[in-house]
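Undergrad: sequence unknown, structure follows:
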């Protein structure tokens, strides 16, 4: 999906063009108005003179449907108030919404890879999609786990000769496959990002999280490249060369 559709907040009248998680082609269209309700604090004190509108909080739920395959998707999350100005430069307050859950989960990336990607890699990548909106630390740790399973697939041991578990950096040091070594920097960066997420103290930003997914996408496409079928163009080239041109030459 386009990065602008992965932003943290949106106006209900301008719903992002989220891509369908099932067919990966259609756009999810809003079905009716989202259900938006004030949270406890806003409901109890929203009418008080001292209560500032920007302190308001909401919860919401919405129904989306794919424009291509008609898949139904439920989105839920929280809301708040944002200051805006109308055409006459008068201040107004607009409710903005922030997704926390999609069911089924949206695909944040859709790598162009072949069929040999291990099941454990796919499973953990899909789990990272589920936490993208609600828990950045957990999401990044899933991406780190994806990298661990990549090393498994290329035969890098998880334990030493005595059976003790090897830390991720030690496993990276044991990589010998040329394909892994060519992508060592990518894999090492996922290790470092996973360390930040495990400490849970830096507050991973949305753009940083998007960048982490871009690293995983690039790594998967390097390790499991999808083979392009060039047979038709090669047949065309063979025919042109046989005919010494586009069409068979007529005898003079």
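TA: Cool, got the structure. This one's a predicted model, so the numbers in the text were calculated from it and none came from an experiment. Numbering: from 1, shown residues only.
Undergrad: Show me the shaky parts of the protein.
TA: By pLDDT under 70, the chain has no low-scoring segment.
Undergrad: Residue nearest the middle of it, spatially speaking?
TA: residue 108 (1.8 Å; CA atoms, centre = their mean).
Undergrad: That one: what's it in contact with?
TA: 1, 6, 128, 129, 132, 210, 213 (CB atoms under 8 Å, 6 or more residues apart in numbering). C-beta coordinates here come from the backbone N, C-alpha and C atoms, glycine included.
Undergrad: redo that, cut-off 7 Å
TA: Shown in contact with residue 108 (CB atoms under 7 Å, 6 or more residues apart in numbering): 1, 6, 129, 132, 213.
Undergrad: And what about residue 29, helix, strand or coil?
TA: strand (DSSP: H, G, I helix; E, B strand; the rest coil).
Undergrad: shouldn't it be in contact with residue 68?
TA: No. Shown here, residue 29 and residue 68 do not form a contact pair, counting by CB atoms under 7 Å, at 10.3 Å.
Undergrad: Doesn't residue 99 lie inside a strand?
TA: Yes. Membership of residue 99 in a strand is supported by three-state DSSP.
Undergrad: now the strands for the stretch 51-200 of the chain?
TA: 58-66, 72-85, 91-103 (DSSP state E, counting those that start in this stretch).
Undergrad: Pick the most deeply packed of the ones you listed.
TA: Highest mean neighbour count among the strands of the stretch 51-200 of the chain (mean count of other CB atoms under 10 Å): strand 58-66, with a mean of 18.
Undergrad: Can you check what angle separates that strand from strand 72-85?
TA: Interaxial angle, strand 58-66 versus strand 72-85 (axes from the mean of the first three to the mean of the last three CA atoms, to 10 degrees): 130 degrees.
Undergrad: how distant is strand 58-66 from the center of its chain?
TA: 19 Å (CA atoms, centre = their mean, to the nearest Å).
Undergrad: now the angle between strand 91-103 and that strand, please.
TA: Using the same axes, to 10 degrees: strand 58-66 against strand 91-103 is 60 degrees.
Undergrad: Give the pairing partners of strand 58-66; include direction for each.
TA: strand 28-30 (antiparallel), strand 35-38 (antiparallel), strand 72-85 (antiparallel) (DSSP bridges).
Undergrad: Just say helix, strand or coil for the closest residue to residue 71 other than its chain neighbours.
TA: Of all residues not flanking residue 71 in the chain, residue 22 sits nearest, at 4.2 Å (CB to CB, 6 or more residues apart in numbering). Per three-state DSSP, the local secondary structure of residue 22 is coil.
Undergrad: ok, residue 22 touching residue 72?
TA: No. Contact criterion CB under 7 Å: residue 22 and residue 72 do not qualify, at 9.6 Å.
Undergrad: circling back to that earlier point, let me have the strands of the stretch 51-200 of the chain in JSON lines, extended by distance to residue 250.
TA: Shown next, in JSON lines, are these (distance: least, CB to CB, whole Å):
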{"stretch": "strand 58-66", "distance to residue 250": "54"}
{"stretch": "strand 72-85", "distance to residue 250": "60"}
{"stretch": "strand 91-103", "distance to residue 250": "63"}
